[in-house]
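Trainee: After the sequence you'll find the predicted model.
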Amino acid sequence: MLKNKKFAFFDMDGTLIDSVGIWNQIDQKLIEKLANKTIDETTVQNDRDTQLKKFNAQPNPYLCYCQYIKDKYSAQISAEEIIKLRYEIAQDFLQNIIDYKPQADLVIKKLKAKNFTLAITTTTKRTNMDIYRTLNKNINAKAPLDEYFDLIYTREDVSKIKPDPEVYQKAIQKFNAKPEECIIFEDSLIGIEAAKKAGIETIAIYDKYSDADTEAIKAQADFYFHNYTELLSSIDEL
């Protein structure tokens with residue numbers, strides 16, 4: 001699985017960090033502020049996933065998502081104002097609540113000790129990644145991103161988001177690597193699809209917010225782990 005690999009690319013939300021549920025809470029608060037309505041978490045997540053996939057080729061899929069929220073809930077402010085409000089609501093969550101998935105920081109440290117070159121390949125916005133890099137107390141106490149990752153690509157670094165493989169293709173080119181030298185860690189079906197299109201082997205990490213796609217993820221990923229603890233022994237054997 002990891003033998004003869006030199007490069008490890010990690011998705012961020014849902015893969016390295018527990019954040020998908022956090023964004024559901026953020027969007028629930030956003031809709032409550034805009035429309036004075038309480039929307040269940042499943043509906044919020046399904047709407048966001050559907051809209052981001054629909055608009056993945058647009059310059060700013062999240063702005064399109066906020067336009068969708070404006071239209072669906074008859075918000076009285078613009079999509080641009082909604083996206084600004086969304087990130088204002090998110091600040092406390094991003095800085096103080098979001099954390100690594102259990103043992104993810106240990107996997108990072110062990111791979112780095114085995115001389116892997118590590119990269120984050122995410123469609124998370126750069127503003128969020130900057131908070132994770134500099135202000136998030138949990139991440140910085142365990143494994144600071146700038147200390148362990150040689151490259152961080154965000155939404156702004158690509159023209160198309162996953163399931164398009166662009167972010168992985170750019171990472172390969174940046175390192176002058178061969179696909180067979182790389183391994184990708186993902187939690188979502190669209191992430192696995194992007195990795196496969198790039199011709200790179202994938203390790204799927206379970207995330208409860210991808211439960212609806214579990215069977216498809218297992219079918220498409222090269223390897224599947226329920227958590228990082230299961231993965232540690234494979235790294236120790238290198």
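Mentor: Right, received. Where do you want to start? Numbers count the residues shown, from 1 in each chain.
Trainee: you'd agree residue 136 is up against residue 98?
Mentor: Yes. If you go by CB atoms under 8 Å, residue 136 and residue 98 touch, sitting 6.2 Å apart. Where C-beta positions appear, they are placed from N, C-alpha and C, glycine not excepted.
Trainee: quick one, strands of the protein?
Mentor: Along the chain, the segments classed as strands by DSSP state E run 7-10, 17-18, 99-100, 117-121, 151-153, 182-186, 201-205, 223-225.
Trainee: Can you say which of those is nearest to residue 77?
Mentor: Counting by CB to CB, residue 77 lies closest to strand 17-18 out of these; the figure is 29.5 Å.
Trainee: Against which helices or strands is that closest one packed?
Mentor: strand 99-100 (3 or more CB pairs under 8 Å, 6 or more residues apart in numbering; DSSP states H and E).
Trainee: Give me the contacts around the strand it packs on.
Mentor: 16, 17, 18, 138, 139, 142, 143 (CB atoms under 8 Å, 6 or more residues apart in numbering).
Trainee: where does the fifth one land on pLDDT?
Mentor: Predicted confidence (pLDDT) at residue 139: the value is 98.
Trainee: Could you count how many residues lie near it?
Mentor: When neighbours are defined as other CB atoms under 10 Å, residue 139 has 22 of them.
Trainee: ok so, going back, by pLDDT, rank the contacts of strand 99-100 and give me the bottom one.
Mentor: residue 18 (91).
Trainee: any idea how the chain splits into domains?
Mentor: For the chain, automatic domain parsing gives the domain ranges 7-18+99-236, 21-96.
Trainee: Check the strands of the chain for me and report the most buried one.
Mentor: Across those, the average number of neighbours (mean count of other CB atoms under 10 Å) peaks for strand 182-186, which reaches a mean of 26.
Trainee: Just the pLDDT for residue 20.
Mentor: The model's pLDDT for residue 20 equals 84.
Trainee: no no, residue 199
Mentor: pLDDT, read off for residue 199, is 97.
Trainee: The nearest residue to it once chain neighbours are set aside: what's it in contact with?
Mentor: Once flanking residues are discounted, residue 199 sits nearest to residue 179: 4.4 Å by CB to CB, 6 or more residues apart in numbering. Residues in contact with residue 179, defined by CB under 8 Å, 6+ apart, are 172, 198, 199, 200.
Trainee: Compare the strands of the chain and say which comes out lowest on pLDDT.
Mentor: Taking the mean pLDDT of those, strand 17-18 comes last: a mean of 94.
Trainee: Give me the contacts around that one.
Mentor: Strand 17-18 is contacted from outside by 98, 99, 100, 101, 104, 132, 139, using CB under 8 Å, 6+ apart.
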